[in-house]
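Colleague: predicted model and sequence below, questions to follow.
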Amino acid sequence: MSTLPSVSPPDAFRLRLPGWIGVALASVLVLSLAGCGGGSVDSVGIDGSSTVFPLTEAVAEEFMAETSGARVNVGVSGTGGGFSKFLRGETAINDASRPISPEEIEKAEANGVEYIEIPVAYDGLSVVVHPSNDWIDCISARELETLWEPGSAVDRWNQLREEFPDRPIDLYGPGTASGTYDYFTEAIMGESGASRSDFTASEDDNVLAQGISGTETALGYFGLAYYENNAQDLKALSVDPDSMDGGGSCVAASSETVQNGTYRPLSRPLFIYVNPAKVTPTVESFVQFYLENAGALAADVGYVGMPEDAYELVLQRFESRTTGTVFGAEGVDPTGTQVEKMLRAAMDTTAAPADTTAQ
């Protein structure tokens, strides 16, 4: 059997590929493995979120290495752009960093396109400071909003809290082309891209970590997995979701608190959506392989795997071809979501999609 070389994106993709949705994102990344004897190849068409891309790409590479004749085409058009293609019937699978929207649900109904909603991992962000910072251990969602909102004039620590020292705040964060930037601004400000602009920005988490670890008055944010790999050089703050759910307490970011839904609002599930009308034997095998391996591969690309029971429930949902949305239902806040709890509730057709976060 001959093997064609696969085309992989640069290493930066593997961290948290920014949403450079436009010029380069219009092209489709093709990962392929030729079958034996030159026969026809059964392909899997995927498009969508740049945030979910690194996980799907990792799964695709592993799947093709183990599956003779399989070919997986992974495009990156952003969640919304991917849904546009998916709802026109152009792809079998859409990567999504958020649940399907009410407008997209209406479009699916109008086009006669059904979809199976499949959570595959969690995304979590860490808020970090210099390790010698001894005046703050916890920051609230409201304080993060005050600090990062567009036009914010807060540039000294004592402007954030009176008891803090009269020292400058040096801010570090992902650049505007980053999916992490989009996620943080949406979770904290309620609008993707809404942020002050006077901060040190980079799509490279290593640059941010070096800047924060070298600046005593720094504060910044990036992916939880990257923090955990560099915890010796940084200090992570707990987050109090006070303005997000009417009351709460400081919760430290960890794989456990992301999984159990108590770390809010900087944690959320990531999804793939599957068109059941396009489930060929290869698509079937790929989705099953995805759910069997996503938990182990998630940490390699900067995310948090779900509990085993959650993957089993999602696999049941796929194999039974259960269509529709649980997480995109009206009134559901996907941040701090307990996937397993919501899926079990959904198995009871009388259960309302409420109580989506840990108490």
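Modeller: In hand now; what should we look at? Numbering: from 1, shown residues only.

Colleague: now the strands for the stretch 101-250 of the chain?
Modeller: Ranges of strands in the stretch 101-250 of the chain, per DSSP state E, counting those that start in this stretch, are 116-129, 138-140, 170-173, 200-201, 218-223, 235-240.

Colleague: so which elements touch the third one?
Modeller: Packing partners of strand 170-173 (3 or more CB pairs under 8 Å, 6 or more residues apart in numbering; DSSP states H and E): helix 141-148, strand 200-201, helix 205-213, strand 218-223. The C-beta positions use only the backbone N, C-alpha and C, and glycine is treated the same way.

Colleague: can we see that at 6 Å?
Modeller: Contact here means 3 or more CB pairs under 6 Å, 6 or more residues apart in numbering; DSSP states H and E; on that basis strand 170-173 packs against helix 205-213, strand 218-223.

Colleague: contacts for that strand, please.
Modeller: 199-201, 208, 211-212, 215, 217-218, 220-221 (CB atoms under 6 Å, 6 or more residues apart in numbering).

Colleague: for Asp134, find the nearest of the helices and strands packed on strand 170-173.
Modeller: strand 218-223 (13.9 Å; CB to CB).

Colleague: who does that closest one pair up with?
Modeller: strand 116-129 (antiparallel), strand 170-173 (parallel) (DSSP bridges).

Colleague: what's the average pLDDT for that strand?
Modeller: Throughout strand 218-223, pLDDT has a mean value of 94.

Colleague: convert that strand to CSV, retaining C-alpha atoms only.
Modeller: Extracted C-alpha coordinates of strand 218-223, given in CSV (Å, rounded to 0.1, in the frame of the first residue of the first chain):
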residue,chain,number,x,y,z
ALA,A,218,1.0,41.7,34.3
LEU,A,219,-2.4,40.1,33.8
GLY,A,220,-3.5,38.0,30.8
TYR,A,221,-5.4,35.1,29.6
PHE,A,222,-5.0,32.0,27.3
GLY,A,223,-6.0,28.3,27.2
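
Colleague: where does pLDDT dip in the stretch 51-200 of the chain?
Modeller: Regions of the stretch 51-200 of the chain meeting the criterion pLDDT under 70 are absent.

Colleague: who touches the longest helix along the chain?
Modeller: For the chain, the longest helix by residue count, based on DSSP state H, is helix 281-298. Applying CB under 6 Å, 6+ apart, the contact partners of helix 281-298 are 42, 44, 58-59, 63, 70, 92, 120-121, 305, 311, 314-315, 318.
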